[in-house]
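Q: Next input, structure requested:
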Amino acid sequence: MQIYRISALSDNYIFLLFDVAQKNAAVVDPAEAAPVLKKLEELDATLVAIFNTHHHHDHVGGNRALLNRFPDAIVYAGVHDRGRIPGQSVELNAGDRVQFSDRTAEVFFVPGHTRGHIAYYFPPVANEPGELFCGDTLFSAGCGRLFEGTPAQMVNSLSQIRALPDNTRVWCAHEYTLKNLKFALTIEPHNPDLQARFAQVQAAKDQPTIPADLELEKRINPFLRWDDPKIQTAIGQTDAIATFATLREKRNQF
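A: Numbering: from 1, shown residues only. Predicted coordinates:
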């Protein structure tokens, strides 16, 4: 299974999964159809599946046009997004599994950003890392805004991601990394891993920073470290949920 990162809209990423042998493809969160169709044409590939993480338009905006071109493609999304995903044909629950190419993904229910948000996790095989497609739940050095969920829900969702193996690549759906790092440094200005990552991203200018490395995220992302005494001391909280909620509010205002 090969993974192609496709830029879309102003700062979105679409991910195209490609089975080289079968010439089949699946797409994760197609914000728009045109760049996906272009890549499919380059690969001479047939689209067989659309994996949506949540209902926001910048994640499902290309569904209909892609289905017009590939009417047999199966649209997967969470059961709690019923009626909100264009063309949805399969409703997924936590623990369900979906297959593409030679890989099988586990479905995680990760509400917080929205009430029906899910993520797709392909465990590592052979020498390949794990692959996590998490939509707007986790970003590099950040996390999604809470539009329909609560801090407690988001902490539970991020806890599931934090528990994944270190050798997991995080394919998040927006290029927010530089601003997230700038915010993280206001919380932990003396974190050497954070300083190094900021310098690396800043030097790379407009180069993509995704996929992110989960092992590194566990060291630099304040939204994965709500129970770290250093983070709690920095913002004057001791409770995990209150720490996360305060971090999220500070990031909203940043």
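
Q: quick check, F147 in a helix?
A: No - F147 is assigned coil when assessed by DSSP: H, G, I helix; E, B strand; the rest coil, not a helix.

Q: where's G83, which helix or strand?
A: Of the helices and strands defined by DSSP states H and E, none includes G83.

Q: Look up how far A203 lies from it.
A: For G83, the distance to A203 (C-beta to C-beta, to the nearest Å) stands at 45 Å. All C-beta atoms are positioned from the backbone trio N, CA, C, and that covers glycine.

Q: same thing with H56?
A: Relative to A203, and taking C-beta to C-beta, H56 is found at 32 Å.

Q: who has more neighbours, the two?
A: H56 (20 against 8; other C-beta atoms under 10 Å).

Q: OK, contacts around the more buried one?
A: Contacts for H56 (C-beta atoms under 8 Å, 6 or more residues apart in numbering) come out as 114, 136.

Q: Kindly report the same for the one 3 residues further on.
A: The neighbourhood of H59, defined by C-beta under 8 Å, 6+ apart, consists of 12, 29-31, 52-53, 135-136, 173.

Q: And for Y121?
A: Y121 makes contacts with 105-108, 130-133, 164, 168, as judged by C-beta under 8 Å, 6+ apart.

Q: try 7 Å this time
A: By C-beta atoms under 7 Å, 6 or more residues apart in numbering, Y121 lies in contact with 105-106, 108, 130, 132, 164.

Q: Looking at those residues, state which has the most neighbours.
A: Ranked by the number of neighbours (other C-beta under 10 Å), the contacts of Y121 place L132 first, at 25 neighbours.

Q: Give the pairing partners of the helix or strand containing that residue; include direction for each.
A: L132 belongs to strand 130-135 when assigned by DSSP H and E. Paired with strand 130-135 in the same sheet, following DSSP bridges, are strand 118-122 (antiparallel), strand 168-172 (parallel).

Q: Can you convert the ones you listed into JSON lines and add a column each for mean pLDDT and distance to R64?
A: Putting these into JSON lines (pLDDT from 0 to 100; distance: least, C-beta to C-beta, whole Å) gives the following:
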{"stretch": "strand 118-122", "mean pLDDT": "98", "distance to R64": "20"}
{"stretch": "strand 168-172", "mean pLDDT": "98", "distance to R64": "23"}
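
Q: Fine by me, thanks again.
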